[in-house]
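K.L.:
3D model of this:
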Amino acid sequence: MEMFLDFFANTGFGLADYRNFIMIGIGIIFIYLGIAKHYEPLLLVPIGFGILLGNIPVFKGLGLSIYEPNSVLHYLYFGVTKGIYPPLVFMGIGAMTDFSTLLARPVLMLLGAAAQTGIFITFLGALALGFAPNEAASIGIIGGADGPTAIFLTAKLAQELIGPIAVAAYSYMALVPVIQPPIMRLLTTRKERLIRMEEPRTVSKREKMIFPIIAVLLCCFIAPAALPLLGLLFLGNLLKEAVVTERLAQAARTSVIDTVTILLGMTVGASTQADVFLTGKSIGIFALGAVSFGIATAAGLIFAKIMNLFLKTRINPLLGAAGVSAVPDSARVVQMVGQAEDPENFLLMHAMAPNISGVIGSAVGAGILWSFMVG
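P.N.:
Now for the predicted structure:
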């Protein structure tokens, strides 16, 4: 019996406490949402499984925990803590993205910029609640609904918060179809939701090839700290549009981004060990992240309504909700809400313009915050 008790004490069951089982439950919920509900399955399934791995209790000193030097998980986590994985994700996104809708109607870029208001308002709110400036900056970026950007900035400013901030950012990204529609209906009238957009002009191949070169120079001169993210975003897009580098673009948007997504999701999930994750600070981060995301959505909608006061041809204010960086989910939600009022109203293509500019805007916002924190 004594040998059996010794054996049991050395198992995960003997080492676990109730917090481990709470986190395992959260991991299972993530996996369920990804598989059964199709909420960002490419993100939630690896993150959910990583949460399971990170909350299986292990002996200290055996080199198994993600926080133990020289463990396998610790080496894989290096890509998160050093900000390696997020730029590679951005390169894949660039190789998959068509900027035609943005180039066809550049004024819609303003909606992506307006939606970043949530980042800075939440930053100020977190400061007021007593968070340190570097922590407040990392929390604010959740409002951009851009997981890789949130992870990148947090890795630079507040590594101890990577787990809760990454899980919060990806959770809100996955729940875009649940969170955004009520805000969209609240801040727009039925008449506004029925507005139909004009067909965009045709964008030439030359314009699409020149754009990533001009965009990377302009954006990174404005916010040099955004260079790792936007540099690879626009490199991936140039590889796509140049045609002669299609083989490289194909690798970037398939094998590279798929591999990095698996490693990023799994290690971020594994970093949510119960003793690190289940704290009052984590709860505060989730609450502020929700506020940030809500403000970002509302800011885009309100700014679209303000633009209509000055534009000759009015735009559908629903497009403002796509200004957050959740590509392409926010654009799909705009289409869904618009078609609920008018099944013949097709807004998806138009919504991609602010959606893409939101990706750029959140990276610029992260670069500005980073430069302020280290300046």
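
K.L.:
Name the nearest residue to the residue positioned nearest the centre of the chain, sequence neighbours excluded.
P.N.:
With distances taken as Cα atoms, centre = their mean, the residue of the chain nearest its centroid is D146 (1.8 Å). The shortest distance from D146 to any non-neighbouring residue, by Cβ to Cβ, 6 or more residues apart in numbering, is to S325 (3.6 Å). All C-beta spots, glycine's among them, are computed from the backbone N, C-alpha and C.

K.L.:
Can you give me the neighbour number for that neighbour?
P.N.:
Neighbour count of S325, defined by other Cβ atoms under 10 Å: 33.

K.L.:
ok now do it, which residues does it touch?
P.N.:
With contact taken as Cβ atoms under 8 Å, 6 or more residues apart in numbering, S325 is in contact with 144-146, 149, 355, 358-359, 361-362.

K.L.:
Among the residues you listed, which one sits closest to L227?
P.N.:
The shortest approach to L227 among these belongs to T149, at 13.1 Å (Cβ to Cβ).

K.L.:
Point out where the chain drops to low pLDDT.
P.N.:
For the chain, the stretches with pLDDT under 70 are 4-12, 14, 61, 375.

K.L.:
what about the strands in the stretch 201-350 of the chain?
P.N.:
Using DSSP state E, counting those that start in this stretch, no strands are found in the stretch 201-350 of the chain.

K.L.:
Please, where are all the helices along it?
P.N.:
With DSSP state H, counting those that start in this stretch, the ranges of helices along the stretch 201-350 of the chain come out as 205-222, 227-241, 246-251, 257-270, 274-277, 280-307, 329-341, 348-374.

K.L.:
Using TSV, lay out these together with distance to R196 and mean neighbour count.
P.N.:
Formatted as TSV, the helices of the stretch 201-350 of the chain follow (distance: least, Cβ to Cβ, whole Å; neighbours: other Cβ atoms under 10 Å):
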stretch	distance to R196	mean neighbour count
helix 205-222	25	15
helix 227-241	29	24
helix 246-251	34	16
helix 257-270	34	23
helix 274-277	46	18
helix 280-307	15	21
helix 329-341	9	21
helix 348-374	10	25
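
K.L.:
can you list those in CSV and add distance to I66?
P.N.:
CSV is the format used below for the helices of the stretch 201-350 of the chain (distance: least, Cβ to Cβ, whole Å):
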stretch, distance to I66
helix 205-222, 32
helix 227-241, 23
helix 246-251, 28
helix 257-270, 5
helix 274-277, 10
helix 280-307, 17
helix 329-341, 28
helix 348-374, 24
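
K.L.:
hmm, back to that, quick one, what contacts the residue nearest to the centre of the chain?
P.N.:
Each residue near D146 by Cβ under 8 Å, 6+ apart is listed here: 169, 173, 324-326, 358-359, 362-363.

K.L.:
if I look at Y39, how far off is I179?
P.N.:
11 Å (Cβ to Cβ, to the nearest Å).

K.L.:
Over to P212?
P.N.:
Distance of P212 to I179, given as Cβ to Cβ: 31 Å.

K.L.:
Leaving out the residues flanking it, which one is nearest to L108?
P.N.:
A353 (3.9 Å).

K.L.:
ok now do G125, which residues does it touch?
P.N.:
Taking Cβ under 8 Å, 6+ apart, we find G125 in contact with 288, 291.

K.L.:
Quick check on it: phi, psi?
P.N.:
G125 adopts backbone torsions of phi -60, psi -40, taken as degrees, to the nearest 10.

K.L.:
Kindly report the same for R196.
P.N.:
The phi/psi pair for R196 (degrees, to the nearest 10) is phi -100, psi 140.

K.L.:
For the nearest residue to it once chain neighbours are set aside, the count of nearby residues, please.
P.N.:
With Cβ to Cβ, 6+ apart as the criterion, R196 has its nearest non-adjacent residue at 5.6 Å, and that residue is N345. Around N345 there are 18 other residues, counting by other Cβ under 10 Å.
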